[in-house]
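K.L.:
coords below, sequence missing:
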(Lines give C-alpha, C1' and ligand atoms only; values in the text may rest on other atoms or scores of the structure.)
Protein backbone atom coordinates (compact mmCIF):
# COMPACT_ATOMS: atom_id res chain seq x y z
CA UNK A 1 0.00 0.00 0.00
CA UNK A 2 1.50 3.40 -0.94
CA UNK A 3 2.33 5.86 1.83
CA UNK A 4 -0.46 8.34 2.53
CA UNK A 5 0.35 11.82 3.84
CA UNK A 6 -1.47 14.37 5.99
CA UNK A 7 -0.59 18.01 6.45
CA UNK A 8 -2.17 18.72 9.82
CA UNK A 9 -2.76 22.42 10.36
CA UNK A 10 -4.45 23.00 13.67
CA UNK A 11 -5.14 25.79 16.09
CA UNK A 12 -3.42 25.25 19.45
CA UNK A 13 -5.63 23.46 22.00
CA UNK A 14 -7.92 22.05 19.30
CA UNK A 15 -7.18 18.35 19.63
CA UNK A 16 -4.20 17.85 17.33
CA UNK A 17 -2.23 15.74 19.78
CA UNK A 18 -5.31 13.71 20.61
CA UNK A 19 -5.73 12.83 16.94
CA UNK A 20 -2.01 12.09 16.67
CA UNK A 21 -2.20 9.69 19.64
CA UNK A 22 -5.32 8.03 18.21
CA UNK A 23 -3.59 7.44 14.88
CA UNK A 24 -0.47 6.17 16.61
CA UNK A 25 -2.48 3.74 18.73
CA UNK A 26 -4.49 2.52 15.71
CA UNK A 27 -1.70 2.20 13.17
CA UNK A 28 1.20 1.57 15.58
CA UNK A 29 4.43 0.95 13.61
CA UNK A 30 2.74 1.99 10.36
CA UNK A 31 2.44 5.62 11.53
CA UNK A 32 5.16 8.24 11.16
CA UNK A 33 4.82 11.71 12.72
CA UNK A 34 6.76 14.95 12.35
CA UNK A 35 6.41 17.62 15.04
CA UNK A 36 8.09 20.01 12.55
CA UNK A 37 8.92 22.68 15.18
CA UNK A 38 11.15 20.49 17.35
CA UNK A 39 11.85 17.41 15.21
CA UNK A 40 15.59 16.51 15.13
CA UNK A 41 16.94 16.52 11.59
CA UNK A 42 13.74 18.05 10.23
CA UNK A 43 14.03 19.17 6.61
CA UNK A 44 11.95 22.25 7.47
CA UNK A 45 9.94 21.98 4.26
CA UNK A 46 6.18 21.87 3.60
CA UNK A 47 5.43 19.31 2.36
CA UNK A 48 8.19 17.15 3.87
CA UNK A 49 11.05 16.25 1.52
CA UNK A 50 11.70 12.93 3.31
CA UNK A 51 8.40 11.25 2.53
CA UNK A 52 9.91 8.90 -0.05
CA UNK A 53 12.39 7.78 2.59
CA UNK A 54 9.49 6.99 4.94
CA UNK A 55 7.62 5.19 2.15
CA UNK A 56 10.54 2.76 1.83
CA UNK A 57 10.30 1.98 5.57
CA UNK A 58 6.83 0.42 5.35
CA UNK A 59 4.89 3.28 6.92
CA UNK A 60 1.25 3.56 5.90
CA UNK A 61 0.64 7.15 7.03
CA UNK A 62 2.84 10.20 7.52
CA UNK A 63 1.53 13.25 9.39
CA UNK A 64 3.26 16.63 9.41
CA UNK A 65 2.16 19.16 12.02
CA UNK A 66 1.83 22.93 11.86
CA UNK A 67 -0.08 25.62 13.74
CA UNK A 68 0.85 28.18 11.03
CA UNK A 69 1.22 30.81 13.74
CA UNK A 70 2.47 33.51 11.34
CA UNK A 71 0.21 32.57 8.41
CA UNK A 72 3.39 31.94 6.45
CA UNK A 73 3.12 28.23 5.62
CA UNK A 74 2.79 27.44 1.92
CA UNK A 75 -0.35 25.63 0.82
CA UNK A 76 0.81 22.01 0.46
CA UNK A 77 -0.23 20.65 -2.93
CA UNK A 78 1.49 17.28 -2.94
CA UNK A 79 -0.30 15.72 0.05
CA UNK A 80 -3.24 13.35 0.25
CA UNK A 81 -5.13 15.34 2.83
CA UNK A 82 -5.03 18.69 4.64
CA UNK A 83 -6.49 18.11 8.10
CA UNK A 84 -7.78 21.36 9.62
CA UNK A 85 -8.57 21.26 13.34
CA UNK A 86 -10.34 24.09 15.10
CA UNK A 87 -12.35 24.76 18.26
CA UNK A 88 -14.97 27.15 19.62
CA UNK A 89 -12.91 30.38 19.76
CA UNK A 90 -13.65 31.53 23.31
CA UNK A 91 -13.07 28.10 24.84
CA UNK A 92 -9.91 27.58 22.79
CA UNK A 93 -8.50 30.95 23.81
CA UNK A 94 -9.38 30.34 27.47
CA UNK A 95 -7.56 27.02 27.39
CA UNK A 96 -4.60 28.58 25.60
CA UNK A 97 -4.51 31.45 28.11
CA UNK A 98 -4.48 29.06 31.06
CA UNK A 99 -1.61 27.13 29.48
CA UNK A 100 0.28 30.34 28.72
CA UNK A 101 0.07 31.49 32.34
CA UNK A 102 1.40 28.14 33.59
CA UNK A 103 4.06 27.78 30.89
CA UNK A 104 5.52 31.27 31.38
CA UNK A 105 4.83 31.44 35.11
CA UNK A 106 2.70 34.58 34.76
CA UNK A 107 -0.02 35.97 37.00
CA UNK A 108 -3.46 36.65 35.56
CA UNK A 109 -4.43 40.28 35.06
CA UNK A 110 -7.11 41.97 32.95
CA UNK A 111 -4.50 43.98 30.95
CA UNK A 112 -2.62 40.80 30.03
CA UNK A 113 -5.85 38.97 29.18
CA UNK A 114 -6.84 41.81 26.85
CA UNK A 115 -3.45 41.79 25.15
CA UNK A 116 -3.47 38.00 24.88
CA UNK A 117 -6.95 37.95 23.34
CA UNK A 118 -5.93 40.59 20.81
CA UNK A 119 -3.05 38.37 19.68
CA UNK A 120 -5.43 35.40 19.59
CA UNK A 121 -7.87 37.36 17.43
CA UNK A 122 -5.08 38.39 15.06
CA UNK A 123 -4.12 34.73 14.69
CA UNK A 124 -7.72 33.50 14.45
CA UNK A 125 -8.67 35.90 11.67
CA UNK A 126 -5.72 34.93 9.49
CA UNK A 127 -6.23 31.22 10.21
CA UNK A 128 -9.89 31.50 9.22
CA UNK A 129 -9.20 33.37 6.01
CA UNK A 130 -6.44 31.00 4.94
CA UNK A 131 -7.60 27.57 6.10
CA UNK A 132 -11.28 27.47 7.14
CA UNK A 133 -13.12 29.77 4.73
CA UNK A 134 -11.73 28.45 1.40
CA UNK A 135 -13.22 25.17 0.13
CA UNK A 136 -10.58 22.65 -0.96
CA UNK A 137 -11.20 19.17 -2.29
CA UNK A 138 -8.32 17.63 -0.38
CA UNK A 139 -9.17 19.26 2.98
CA UNK A 140 -11.05 17.87 5.96
CA UNK A 141 -12.28 20.24 8.68
CA UNK A 142 -12.50 18.57 12.07
CA UNK A 143 -13.97 20.45 15.01
CA UNK A 144 -12.70 19.71 18.49
CA UNK A 145 -16.24 19.28 19.75
CA UNK A 146 -17.03 16.60 17.15
CA UNK A 147 -13.77 14.81 17.90
CA UNK A 148 -14.51 14.55 21.62
CA UNK A 149 -18.19 13.67 21.33
CA UNK A 150 -17.74 11.11 18.53
CA UNK A 151 -14.06 10.04 18.44
CA UNK A 152 -14.77 6.75 16.68
CA UNK A 153 -16.65 8.49 13.87
CA UNK A 154 -13.97 11.18 13.53
CA UNK A 155 -11.12 8.69 13.32
CA UNK A 156 -12.98 6.38 10.94
CA UNK A 157 -13.93 9.32 8.68
CA UNK A 158 -10.32 10.48 8.51
CA UNK A 159 -8.96 7.03 7.63
CA UNK A 160 -11.73 6.48 5.09
CA UNK A 161 -10.79 9.72 3.31
CA UNK A 162 -7.24 8.37 3.11
CA UNK A 163 -8.44 4.92 1.94
CA UNK A 164 -6.56 3.26 4.80
CA UNK A 165 -8.23 0.06 5.96
CA UNK A 166 -8.37 -0.62 9.68
CA UNK A 167 -9.84 -3.38 11.84
CA UNK A 168 -12.46 -2.76 14.49
CA UNK A 169 -9.92 -3.70 17.17
CA UNK A 170 -7.39 -1.17 15.88
CA UNK A 171 -10.08 1.50 15.67
CA UNK A 172 -11.04 0.75 19.27
CA UNK A 173 -7.38 1.04 20.32
CA UNK A 174 -7.31 4.54 18.88
CA UNK A 175 -10.54 5.57 20.54
CA UNK A 176 -9.20 4.41 23.92
CA UNK A 177 -6.70 7.29 23.71
CA UNK A 178 -9.57 9.67 24.43
CA UNK A 179 -9.57 10.16 28.18
CA UNK A 180 -12.84 11.63 29.35
CA UNK A 181 -13.50 13.09 32.78
CA UNK A 182 -16.31 10.56 33.16
CA UNK A 183 -16.09 6.79 32.77
CA UNK A 184 -19.53 6.93 31.18
CA UNK A 185 -18.98 8.49 27.78
CA UNK A 186 -22.67 9.26 27.34
CA UNK A 187 -22.55 11.61 30.32
CA UNK A 188 -19.55 13.56 29.02
CA UNK A 189 -20.24 17.25 28.45
CA UNK A 190 -18.00 19.81 26.83
CA UNK A 191 -16.42 22.42 29.04
CA UNK A 192 -18.36 25.59 29.83
CA UNK A 193 -16.51 28.88 29.69
CA UNK A 194 -18.10 30.12 32.92
CA UNK A 195 -16.25 27.42 34.88
CA UNK A 196 -12.90 29.13 34.25
CA UNK A 197 -11.86 31.62 36.90
CA UNK A 198 -10.33 33.70 34.11
CA UNK A 199 -13.61 34.15 32.24
CA UNK A 200 -14.53 37.83 32.48
CA UNK A 201 -17.67 38.26 30.43
CA UNK A 202 -17.16 41.88 29.39
CA UNK A 203 -13.65 41.17 28.12
CA UNK A 204 -14.62 38.01 26.26
CA UNK A 205 -17.71 39.68 24.82
CA UNK A 206 -15.42 42.19 23.14
CA UNK A 207 -13.30 39.30 21.85
CA UNK A 208 -16.42 37.58 20.49
CA UNK A 209 -17.61 40.80 18.85
CA UNK A 210 -14.27 41.40 17.18
CA UNK A 211 -14.07 37.85 15.79
CA UNK A 212 -17.70 37.93 14.67
CA UNK A 213 -17.03 41.07 12.65
CA UNK A 214 -13.65 40.03 11.24
CA UNK A 215 -14.07 36.27 10.74
CA UNK A 216 -17.71 35.26 11.27
CA UNK A 217 -16.66 33.89 14.68
CA UNK A 218 -14.85 31.11 12.77
CA UNK A 219 -18.27 29.77 11.63
CA UNK A 220 -19.29 28.90 15.19
CA UNK A 221 -22.58 30.18 16.69
CA UNK A 222 -21.76 33.14 18.98
CA UNK A 223 -22.58 32.58 22.65
CA UNK A 224 -23.86 36.17 22.92
CA UNK A 225 -25.07 38.95 20.67
CA UNK A 226 -21.97 40.71 19.30
CA UNK A 227 -21.51 44.29 20.46
CA UNK A 228 -21.04 47.12 17.95
CA UNK A 229 -18.44 49.22 19.74
CA UNK A 230 -14.73 48.36 19.88
CA UNK A 231 -12.58 48.65 22.99
CA UNK A 232 -9.07 47.88 24.19
CA UNK A 233 -8.88 44.45 22.52
CA UNK A 234 -9.99 45.94 19.21
CA UNK A 235 -7.42 48.75 19.46
CA UNK A 236 -4.57 46.31 20.12
CA UNK A 237 -5.80 44.05 17.31
CA UNK A 238 -5.78 46.95 14.86
CA UNK A 239 -2.26 47.86 16.01
CA UNK A 240 -1.01 44.29 15.54
CA UNK A 241 -2.47 44.17 12.05
CA UNK A 242 -0.98 47.56 11.16
CA UNK A 243 2.42 46.55 12.56
CA UNK A 244 2.33 43.39 10.44
CA UNK A 245 1.69 45.59 7.40
CA UNK A 246 4.40 48.01 8.55
CA UNK A 247 1.85 50.80 8.68
CA UNK A 248 3.44 52.48 11.69
CA UNK A 249 1.30 55.65 11.73
CA UNK A 250 -1.76 53.38 12.01
CA UNK A 251 -0.17 51.62 15.00
CA UNK A 252 0.31 54.95 16.77
CA UNK A 253 -3.26 55.99 15.99
CA UNK A 254 -4.70 52.69 17.22
CA UNK A 255 -3.02 52.38 20.62
CA UNK A 256 -2.08 55.97 21.39
CA UNK A 257 -5.45 56.70 23.08
CA UNK A 258 -5.19 53.67 25.42
CA UNK A 259 -1.57 54.13 26.60
CA UNK A 260 -2.05 54.35 30.34
CA UNK A 261 0.76 52.77 32.43
CA UNK A 262 -1.49 50.77 34.73
CA UNK A 263 -4.23 49.96 32.22
CA UNK A 264 -2.43 48.11 29.44
CA UNK A 265 0.05 45.26 29.18
CA UNK A 266 3.72 46.25 28.53
CA UNK A 267 3.44 44.67 25.09
CA UNK A 268 1.20 47.56 24.03
CA UNK A 269 3.89 50.07 25.04
CA UNK A 270 6.37 48.02 23.05
CA UNK A 271 4.12 48.16 19.99
CA UNK A 272 3.95 51.94 20.31
CA UNK A 273 7.70 52.33 20.87
CA UNK A 274 8.56 50.15 17.86
CA UNK A 275 6.13 52.14 15.72
CA UNK A 276 8.01 55.30 16.73
CA UNK A 277 11.22 53.62 15.57
CA UNK A 278 9.45 52.70 12.35
CA UNK A 279 8.63 56.32 11.51
CA UNK A 280 12.20 57.43 12.27
CA UNK A 281 11.74 58.66 15.85
CA UNK A 282 14.67 56.53 17.04
CA UNK A 283 15.61 58.42 20.20
CA UNK A 284 12.04 58.70 21.46
CA UNK A 285 11.31 55.05 20.70
CA UNK A 286 14.51 53.85 22.39
CA UNK A 287 13.87 55.96 25.49
CA UNK A 288 10.31 54.68 25.66
CA UNK A 289 11.59 51.10 25.74
CA UNK A 290 14.09 52.03 28.48
CA UNK A 291 11.28 53.62 30.49
CA UNK A 292 9.16 50.53 29.96
CA UNK A 293 11.87 48.37 31.55
CA UNK A 294 12.22 50.73 34.50
CA UNK A 295 8.51 50.29 35.17
CA UNK A 296 8.41 46.60 34.23
CA UNK A 297 11.90 45.08 34.77
CA UNK A 298 10.32 41.61 34.56
CA UNK A 299 9.29 42.09 30.91
CA UNK A 300 11.79 40.11 28.80
CA UNK A 301 10.52 41.25 25.41
CA UNK A 302 11.55 44.81 26.28
CA UNK A 303 15.17 43.68 26.64
CA UNK A 304 14.90 41.71 23.40
CA UNK A 305 13.53 44.77 21.58
CA UNK A 306 16.47 46.90 22.77
CA UNK A 307 18.87 44.09 21.88
CA UNK A 308 17.45 44.01 18.36
CA UNK A 309 18.06 47.75 17.98
CA UNK A 310 21.67 47.42 19.17
CA UNK A 311 22.28 44.46 16.89
CA UNK A 312 20.93 46.40 13.89
CA UNK A 313 23.33 49.21 14.80
CA UNK A 314 26.22 46.74 14.77
CA UNK A 315 26.69 46.81 18.56
CA UNK A 316 26.74 43.02 19.02
CA UNK A 317 28.23 42.95 22.50
CA UNK A 318 25.72 45.51 23.77
CA UNK A 319 22.93 43.43 22.21
CA UNK A 320 24.19 40.21 23.82
CA UNK A 321 24.50 41.94 27.19
CA UNK A 322 20.86 43.06 26.98
CA UNK A 323 19.70 39.51 26.23
CA UNK A 324 21.75 38.09 29.11
CA UNK A 325 20.50 40.79 31.48
CA UNK A 326 16.92 40.12 30.47
CA UNK A 327 17.24 36.37 31.02
CA UNK A 328 18.96 36.81 34.38
CA UNK A 329 16.33 39.28 35.63
CA UNK A 330 13.27 37.47 34.34
CA UNK A 331 14.31 33.83 34.25
CA UNK A 332 12.27 33.45 31.05
CA UNK A 333 14.59 31.05 29.26
CA UNK A 334 11.86 29.60 27.05
CA UNK A 335 11.06 32.95 25.45
CA UNK A 336 14.77 33.78 25.09
CA UNK A 337 15.40 30.55 23.24
CA UNK A 338 12.40 31.14 20.97
CA UNK A 339 13.80 34.58 20.15
CA UNK A 340 17.26 33.24 19.36
CA UNK A 341 15.86 30.40 17.27
CA UNK A 342 13.53 32.44 15.10
CA UNK A 343 14.84 36.01 15.23
CA UNK A 344 18.55 35.95 15.91
CA UNK A 345 20.63 32.78 15.35
CA UNK A 346 23.54 33.93 17.52
CA UNK A 347 25.65 30.87 18.38
CA UNK A 348 27.49 32.65 21.19
CA UNK A 349 24.21 33.41 22.95
CA UNK A 350 22.70 30.02 22.16
CA UNK A 351 25.72 28.43 23.81
CA UNK A 352 25.09 30.53 26.91
CA UNK A 353 21.29 30.35 27.27
CA UNK A 354 21.03 26.53 27.47
CA UNK A 355 23.44 26.61 30.41
CA UNK A 356 20.82 28.57 32.31
CA UNK A 357 18.15 25.96 31.66
CA UNK A 358 17.41 23.43 28.92
CA UNK A 359 13.79 23.08 27.86
CA UNK A 360 11.74 20.06 26.83
CA UNK A 361 8.79 19.77 24.47
CA UNK A 362 5.37 18.25 24.96
CA UNK A 363 6.39 15.29 22.80
CA UNK A 364 9.50 14.81 24.96
CA UNK A 365 7.28 14.44 28.03
CA UNK A 366 4.96 11.94 26.34
CA UNK A 367 7.88 9.89 24.97
CA UNK A 368 9.66 9.85 28.34
CA UNK A 369 6.51 8.65 30.11
CA UNK A 370 5.99 5.88 27.56
CA UNK A 371 9.54 4.54 27.62
CA UNK A 372 10.23 4.95 31.35
CA UNK A 373 6.84 4.47 33.02
CA UNK A 374 5.23 2.44 30.25
CA UNK A 375 2.20 4.72 29.96
CA UNK A 376 1.01 8.11 28.75
CA UNK A 377 0.81 11.13 31.08
CA UNK A 378 -2.55 11.08 32.84
CA UNK A 379 -3.51 14.67 32.05
CA UNK A 380 -2.49 17.90 30.36
CA UNK A 381 -1.66 19.35 33.77
CA UNK A 382 0.89 16.58 34.31
CA UNK A 383 2.43 17.30 30.91
CA UNK A 384 2.62 21.02 31.70
CA UNK A 385 4.26 20.35 35.07
CA UNK A 386 7.00 18.25 33.45
CA UNK A 387 7.65 20.91 30.79
CA UNK A 388 9.42 22.79 33.59
CA UNK A 389 12.20 20.18 33.72
CA UNK A 390 15.60 21.64 32.85
CA UNK A 391 16.32 19.54 29.81
CA UNK A 392 15.89 15.96 28.62
CA UNK A 393 18.18 14.45 31.23
CA UNK A 394 16.40 16.28 34.05
CA UNK A 395 13.07 14.95 32.74
CA UNK A 396 14.53 11.44 32.44
CA UNK A 397 15.94 11.46 35.97
CA UNK A 398 12.71 12.93 37.39
CA UNK A 399 10.74 9.94 36.11
CA UNK A 400 13.42 7.41 37.07
CA UNK A 401 13.42 8.78 40.63
CA UNK A 402 9.63 8.55 40.91
CA UNK A 403 8.08 6.09 43.35
CA UNK A 404 6.08 4.63 40.47
CA UNK A 405 9.18 3.63 38.54
CA UNK A 406 11.06 2.40 41.63
CA UNK A 407 8.19 0.07 42.57
CA UNK A 408 7.97 -1.18 39.00
CA UNK A 409 11.71 -1.81 38.72
CA UNK A 410 11.94 -3.61 42.07
CA UNK A 411 9.17 -5.91 40.86
CA UNK A 412 10.94 -6.40 37.56
CA UNK A 413 14.17 -7.41 39.32
CA UNK A 414 12.36 -9.79 41.66
CA UNK A 415 10.23 -11.54 39.06
CA UNK A 416 12.49 -11.23 36.05
CA UNK A 417 9.34 -10.90 33.94
CA UNK A 418 9.63 -9.80 30.35
CA UNK A 419 7.33 -8.56 27.66
CA UNK A 420 9.01 -10.96 25.24
CA UNK A 421 6.72 -13.83 26.13
CA UNK A 422 3.60 -11.64 25.93
CA UNK A 423 4.39 -9.76 22.72
CA UNK A 424 2.85 -10.65 19.41
CA UNK A 425 5.21 -10.56 16.39
CA UNK A 426 5.07 -7.20 14.62
CA UNK A 427 6.65 -5.37 11.72
CA UNK A 428 10.29 -4.37 12.01
CA UNK A 429 10.64 -1.48 14.43
CA UNK A 430 11.93 1.74 12.90
CA UNK A 431 15.48 2.92 13.55
CA UNK A 432 14.05 6.18 14.89
CA UNK A 433 12.01 4.28 17.49
CA UNK A 434 15.12 2.40 18.64
CA UNK A 435 17.10 5.63 18.97
CA UNK A 436 14.26 7.21 20.95
CA UNK A 437 14.16 4.22 23.32
CA UNK A 438 17.92 4.40 23.89
CA UNK A 439 17.76 8.14 24.61
CA UNK A 440 15.07 7.83 27.28
CA UNK A 441 15.92 4.51 28.89
CA UNK A 442 19.73 4.55 28.70
CA UNK A 443 20.28 8.29 28.30
CA UNK A 444 22.40 7.98 25.19
CA UNK A 445 22.38 7.27 21.44
CA UNK A 446 22.92 3.73 20.12
CA UNK A 447 26.61 3.20 19.47
CA UNK A 448 26.30 1.83 15.93
CA UNK A 449 23.99 0.93 13.09
CA UNK A 450 24.56 -2.73 13.99
CA UNK A 451 23.19 -2.15 17.48
CA UNK A 452 20.16 -0.36 16.03
CA UNK A 453 19.51 -3.22 13.59
CA UNK A 454 19.73 -5.79 16.38
CA UNK A 455 17.16 -3.94 18.51
CA UNK A 456 14.83 -3.44 15.55
CA UNK A 457 14.10 -7.16 15.81
CA UNK A 458 12.17 -6.66 19.07
CA UNK A 459 8.58 -7.75 18.45
CA UNK A 460 7.03 -4.59 19.88
CA UNK A 461 7.97 -1.28 21.52
CA UNK A 462 6.97 -2.86 24.86
CA UNK A 463 9.45 -5.67 24.36
CA UNK A 464 12.18 -3.20 23.36
CA UNK A 465 11.51 -1.24 26.56
CA UNK A 466 11.91 -4.38 28.68
CA UNK A 467 15.09 -5.41 26.85
CA UNK A 468 16.74 -2.08 27.67
CA UNK A 469 15.46 -2.01 31.26
CA UNK A 470 16.82 -5.53 31.79
CA UNK A 471 20.18 -4.68 30.24
CA UNK A 472 23.33 -4.83 32.35
CA UNK A 473 24.03 -1.19 31.51
CA UNK A 474 20.74 -0.01 32.98
CA UNK A 475 21.11 -2.23 36.06
CA UNK A 476 24.53 -0.71 36.76
CA UNK A 477 23.06 2.76 36.42
CA UNK A 478 19.94 2.01 38.48
CA UNK A 479 20.80 -0.54 41.18
CA UNK A 480 17.93 -1.94 43.28
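P.N.:
That came in fine, so what should we check first? Source: prediction; values computed, not measured.
K.L.:
what helices and strands are in contact with the helix or strand bottoming out on mean pLDDT in the chain?
P.N.:
One helix or strand of the chain scores below all others by mean pLDDT, DSSP states H and E: helix 347-356, with a mean of 72. Applying 3 or more C-beta pairs under 8 Å, 6 or more residues apart in numbering; DSSP states H and E, one finds that helix 347-356 contacts helix 316-330, helix 333-342. C-betas here are computed from N, CA, C, even on glycine.
K.L.:
from the chain's centroid, how far away is the first one?
P.N.:
In this case it means helix 316-330. Here the centre of helix 316-330 is set off from its chain's centre by 26 Å, with C-alpha atoms, centre = their mean, to the nearest Å.
K.L.:
state the mean pLDDT of it.
P.N.:
Confidence for helix 316-330, expressed as mean pLDDT, is 91.
K.L.:
report the angle between it and helix 333-342.
P.N.:
150 degrees (axes from the mean of the first three to the mean of the last three C-alpha atoms, to 10 degrees).
K.L.:
who does helix 316-330 touch, helix- and strand-wise?
P.N.:
Using 3+ C-beta pairs under 8 Å, 6+ apart, helix 316-330 is in contact with helix 300-312, helix 333-342, helix 347-356.
K.L.:
let me have those helices in JSON lines, extended by mean neighbour count.
P.N.:
Output for the helices and strands packed on helix 316-330, formatted as JSON lines (neighbours: other C-beta atoms under 10 Å):
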{"stretch": "helix 300-312", "mean neighbour count": "21"}
{"stretch": "helix 333-342", "mean neighbour count": "17"}
{"stretch": "helix 347-356", "mean neighbour count": "13"}
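K.L.:
closest one to residue 4 among those?
P.N.:
Closest to residue 4 of these is helix 333-342 (C-beta to C-beta; 30.8 Å).
K.L.:
roughly how far is stretch 260-279 from the heart of the chain?
P.N.:
Relative to its chain's centre, stretch 260-279 lies at 28 Å (C-alpha atoms, centre = their mean).
K.L.:
then stretch 121-133?
P.N.:
18 Å.
K.L.:
give the next helix or strand downstream of the least confident helix or strand of the chain.
P.N.:
Along the chain past helix 347-356, the next helix or strand (assigned with DSSP states H and E) turns out to be helix 362-368.
K.L.:
before we move on, back to that, turn the helices and strands packed on helix 347-356 into CSV, including distance to residue 73.
P.N.:
Shown next, in CSV, are these (distance: least, C-beta to C-beta, whole Å):
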stretch, distance to residue 73
helix 316-330, 28
helix 333-342, 14
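K.L.:
what about these, which gets the closest to residue 220?
P.N.:
Among the helices and strands packed on helix 347-356, the nearest to residue 220 by C-beta to C-beta is helix 333-342 (29.8 Å).
K.L.:
quick one: mean pLDDT for that closest one?
P.N.:
Mean predicted lDDT for helix 333-342 stands at 79.
K.L.:
among the helices and strands packed on helix 347-356, which is nearest residue 200?
P.N.:
Closest of the helices and strands packed on helix 347-356 to residue 200 is helix 333-342, at 25.2 Å (criterion: C-beta to C-beta).
K.L.:
next, the angle helix 333-342 makes with the least confident helix or strand of the chain.
P.N.:
Here helix 347-356 runs at an angle of 160 degrees relative to helix 333-342 (the same axes, to 10 degrees).
K.L.:
who wins for proximity to residue 92 among the helices and strands packed on helix 347-356?
P.N.:
helix 333-342 (21.1 Å).
K.L.:
hmm, back to that, nearest to residue 223, of the helices and strands packed on helix 347-356?
P.N.:
Of the helices and strands packed on helix 347-356, the one closest to residue 223 (C-beta to C-beta) turns out to be helix 333-342, at 32.1 Å.
K.L.:
of all the helices and strands packed on helix 347-356, which one is nearest residue 377?
P.N.:
Nearest of those to residue 377, taken as C-beta to C-beta: helix 333-342 at 19.2 Å.
K.L.:
which strands and helices lie in contact with the closest one?
P.N.:
Judged by 3+ C-beta pairs under 8 Å, 6+ apart, helix 333-342 is in contact with helix 300-312, helix 316-330, helix 347-356.
K.L.:
the second one: which residues count as buried?
P.N.:
When burial is assessed from 16 or more other C-beta atoms under 10 Å, helix 316-330 yields the following buried residues: 319-320, 322-327, 330.
K.L.:
how far off centre is stretch 330-347?
P.N.:
Computed by C-alpha atoms, centre = their mean, the chain-centroid distance of stretch 330-347 equals 16 Å.
K.L.:
now do it: distance from first to last residue.
P.N.:
For stretch 330-347, the first-to-last residue distance is 21 Å (C-alpha to C-alpha, to the nearest Å).
K.L.:
rewinding a little: okay, the buried residues of helix 316-330 in CSV with distance to residue 134 next?
P.N.:
Formatted as CSV, the buried residues of helix 316-330 follow (distance: C-beta to C-beta, whole Å):
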residue, distance to residue 134
319, 41
320, 44
322, 42
323, 40
324, 45
325, 46
326, 41
327, 41
330, 41
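K.L.:
residue 292: which of those is nearest?
P.N.:
Checking those against residue 292 with C-beta to C-beta, the nearest one is residue 326 at 12.2 Å.
K.L.:
quick one, phi/psi of residue 253?
P.N.:
Note on residue 253: its backbone torsions stand at phi -70, psi -30 [degrees, to the nearest 10].
K.L.:
tally up the residues packed near it, please.
P.N.:
By other C-beta atoms under 10 Å, 15 other residues sit near residue 253.
K.L.:
ok, it to residue 247 distance?
P.N.:
Distance of residue 253 to residue 247, given as C-beta to C-beta, to the nearest Å: 9 Å.
K.L.:
any idea of the mean pLDDT for stretch 207-215?
P.N.:
Mean pLDDT, stretch 207-215: 97.
K.L.:
how about residues contacting that stretch?
P.N.:
Stretch 207-215 is contacted from outside by 89-90, 93, 117, 120-121, 124-125, 128-129, 133, 217-218, 222-224, 226-228, 230, 233-234, 237, using C-beta atoms under 8 Å, 6 or more residues apart in numbering.
K.L.:
give the buried residues for that stretch.
P.N.:
By neighbour count with 16+ other C-beta under 10 Å, stretch 207-215 contains the buried residues 207-212, 214-215.
K.L.:
what does stretch 85-104 give?
P.N.:
Residues 85-101 are the ones in stretch 85-104 that count as buried (16+ other C-beta under 10 Å).
K.L.:
restricted to helices, list those residues.
P.N.:
Mapping the buried residues of stretch 85-104 onto helices (DSSP state H) picks out 89-101.
K.L.:
looking at these, spot the one nearest residue 364.
P.N.:
Lowest distance from residue 364 to those (C-beta to C-beta) belongs to residue 99, with 16.3 Å.
K.L.:
can you give me the pLDDT of that closest one?
P.N.:
Residue 99 is assigned 81 on the pLDDT scale.
K.L.:
I figured residue 139 was touching residue 80, is that so?
P.N.:
No. With contact defined as C-beta atoms under 8 Å, residue 139 does not count as touching residue 80 (11.0 Å).
K.L.:
all strands of this protein, in order?
P.N.:
4-10, 31-34, 61-66, 81-86, 139-143 (DSSP state E).
K.L.:
save the ones you listed as TSV, and put in mean pLDDT too.
P.N.:
Below are those laid out as TSV (pLDDT from 0 to 100):
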stretch	mean pLDDT
strand 4-10	95
strand 31-34	87
strand 61-66	92
strand 81-86	97
strand 139-143	97
